[in-house]
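[1] below is the sequence, then the predicted model.
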Amino acid sequence: MSNTILDVKNLRTTFYTHMGEVQAVRGISFEVNQGDVLGIVGESGSGKSVTAMSIMGLVDEPGRVSGGSILFMGQELTKLSDAEMNEYRGKEISMIFQDPMTSLNPVYTIGNQLIEVIRRHTDLDKDQAHARAIELLQMVGIPEPEIRIKNYPHQFSGGMRQRAMIAMAISCSPKILIADEPTTALDVTIQAQILDLMVRLKNQLHSSIILITHDLGVVSEVCNKVNVMYGGMLMEKASVFELFDSPQHPYTLGLLKSIPRDVTGERKRLVPIEGTPPDLLKPPSGCPFSPRCPYAMGICVREAAPLYTLSDTHSASCWLHHKGAPVVEGFVQVEEESVHE
Ligand code: SF4
């Protein structure tokens, strides 16, 4: 039996601005299975956060999901009204953001905000919700939760605010927790604690995580699989082991070379990716990475590469995998039948 919880197919999200159509997400497909921690990585503007907002049904005007499908446990989410989507948002799929201060209301106590979320999605009465809120704060490691529940957000440290946000996000035991750069604003020690907490809670609740990050170090520590996005498209999908052991897209290689130390902890020289990301108002018709790619060929500029299947858990959108392409060390070539959209 399939344990796929989320099945995203050919998703497109477009912003209809007065300047023209910004094609923020351009036909991406991926699955999330129960227990997965899926990392979505890429530079700013690669479409990773818009992908998350599309799944949550939170793309604001002038944007909207303009094509494709988001199937959550058999339910097509793109067809739901906002009111219908509210039944899923926060309950079945919840999200934590980079800066908890933008999500927490400074004029209400942590407890009030937590109790409100619990009561919105459950039948618990006020006293039961209060008890559940204390239990949740305890689960996320807030000391003296009976006292801390009366605090306002400004009385919590950055790490504690993020813990409170996680408590809110897991209050209804969601099937998927989407975390958008959840630790970027925190120092390294707190960052490790928060990531560890998220994974522990995911295991406890038998749920899954989609972790949006620009940090491959974070991915190597907590994810089991990863999608690499660029210019609104998927460049590479792989298990974490495959991605770090044998990256098969020049953009992924560029990202790996531009992190301060590799996953073994070894110090090395930083090699930035030259150039800038594409303008999604006028995205290139071919491979979006072609203006920055050291291996670009004529076809790369004319036509985007299909996704070549390299193993059951590894695929990459790059013409270098075509059996007729010039051989580049480290890149495998596959038969035509191994291509899928
Ligand atoms: Fe580079 Fe061409 Fe591969 Fe794009 S398709 S990453 S331009 S080699």
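    Cool, the structure landed.

[2] compute the number of surrounding residues for the one residue in the stretch 51-200 of the chain that gets nearest to the ligand.
    Of the residues in the stretch 51-200 of the chain, the one nearest the ligand is residue 51, at a distance of 20.1 Å by C-beta to the nearest ligand atom. (Glycine included, C-beta is placed from N, CA and C.) By the criterion of other C-beta atoms under 10 Å, residue 51 has 29 neighbours.

[3] got it, and residue 107?
    Taking other C-beta under 10 Å as the criterion, the count of residues near residue 107 is 7.

[4] confirm the residue of the stretch 51-200 of the chain closest to the ligand sits in a helix?
    Yes: with DSSP: H, G, I helix; E, B strand; the rest coil as the criterion, residue 51 is part of a helix.

[5] the residue of the stretch 101-250 of the chain at minimum distance from the ligand - nearest residue in space that isn't next to it in sequence?
    In the stretch 101-250 of the chain, no residue comes nearer to the ligand than residue 250, which is 4.3 Å away by C-beta to the nearest ligand atom. Distance criterion C-beta to C-beta, 6 or more residues apart in numbering; nearest residue to residue 250, sequence neighbours excluded, is residue 293 at 5.0 Å.

[6] hang on, the one you found packs against residue 253?
    No: Residue 293 lies out of contact with residue 253 (C-beta atoms under 8 Å); the separation is 9.9 Å.

[7] check the offset of stretch 8-24 from the chain's centre.
    Mean C-alpha position of stretch 8-24 versus that of the full chain (C-alpha atoms, centre = their mean, to the nearest Å) differs by 18 Å.

[8] what number of residues lie near the nearest residue to residue 50 once chain neighbours are set aside?
    With C-beta to C-beta, 6+ apart as the measure, residue 24 is the residue that lies nearest to residue 50, at 4.3 Å, once sequence neighbours are left out. One way to gauge burial is a neighbour count; for residue 24, by other C-beta under 10 Å, it gives 25.

[9] and residue 124, by the same measure?
    Around residue 124 sit 15 other residues, with neighbours defined as other C-beta under 10 Å.

[10] also residue 253?
    When counting by other C-beta under 10 Å, one arrives at 19 neighbours for residue 253.

[11] and for residue 150?
    By the measure other C-beta under 10 Å, the count of residues near residue 150 is 11.

[12] can you tell me the closest non-neighbouring residue to it?
    By the measure of C-beta to C-beta, 6+ apart, the closest residue to residue 150 outside its immediate chain neighbours is residue 109, 5.6 Å from it.

[13] what ranges do the strands span in this protein?
    Taking DSSP state E to define them, one finds strands in the chain at 4-17, 20-33, 37-41, 63-72, 75-76, 93-96, 176-180, 208-213, 225-230, 233-239, 307-311, 314-317, 339-340.

[14] what mean pLDDT does stretch 82-96 get?
    Averaging pLDDT along stretch 82-96 yields 91.

[15] do me a favour and get the end-to-end distance for that stretch?
    19 Å (C-alpha to C-alpha, to the nearest Å).

[16] next: stretch 238-256.
    Taking C-alpha to C-alpha, the first and last residues of stretch 238-256 lie 14 Å apart.

[17] got the contact list for the nearest residue to residue 287 once chain neighbours are set aside?
    Distances taken as C-beta to C-beta, 6+ apart put residue 300 closest to residue 287, at 4.5 Å, once the chain neighbours are dropped. If a contact means C-beta atoms under 8 Å, 6 or more residues apart in numbering, then residue 300 has 286, 287, 290, 293, 319 as its contacts.

[18] same thing with residue 19?
    Residue 19 makes contact with residue 281, according to C-beta under 8 Å, 6+ apart.

[19] if we ignore the residues flanking it in sequence, what's nearest residue 240?
    Closest residue in space to residue 240, ignoring its immediate chain neighbours: residue 223 at 5.2 Å, by C-beta to C-beta, 6+ apart.

[20] how near is the one you found to residue 99?
    For residue 223, the distance to residue 99 equals 22 Å [C-beta to C-beta, to the nearest Å].

[21] nearest residue to residue 11 other than its sequence neighbours?
    The spatial neighbour of residue 11 that comes closest, neighbours along the chain excluded (C-beta to C-beta, 6+ apart), is residue 68 at 3.9 Å.

[22] just give me the neighbour total for that neighbour.
    Applying the criterion other C-beta under 10 Å, we find 18 residues in the vicinity of residue 68.

[23] need the pLDDT of it.
    With respect to pLDDT, residue 68 scores 97.

[24] check contacts around it.
    Contact analysis of residue 68 by C-beta under 8 Å, 6+ apart lists 8, 9, 10, 11, 12, 27, 28, 29, 78.

[25] what is the burial count for residue 82?
    A count of neighbours around residue 82, defined by other C-beta under 10 Å, yields 9.

[26] list the contacts for it?
    Contacts of residue 82 were listed using C-beta under 8 Å, 6+ apart, and they are residue 57.

[27] show me where the chain has helices.
    When secondary structure is read from DSSP state H, the chain shows helices at 48-56, 82-86, 100-103, 110-121, 126-139, 145-148, 158-169, 188-205, 216-222, 240-245, 250-257, 298-302.
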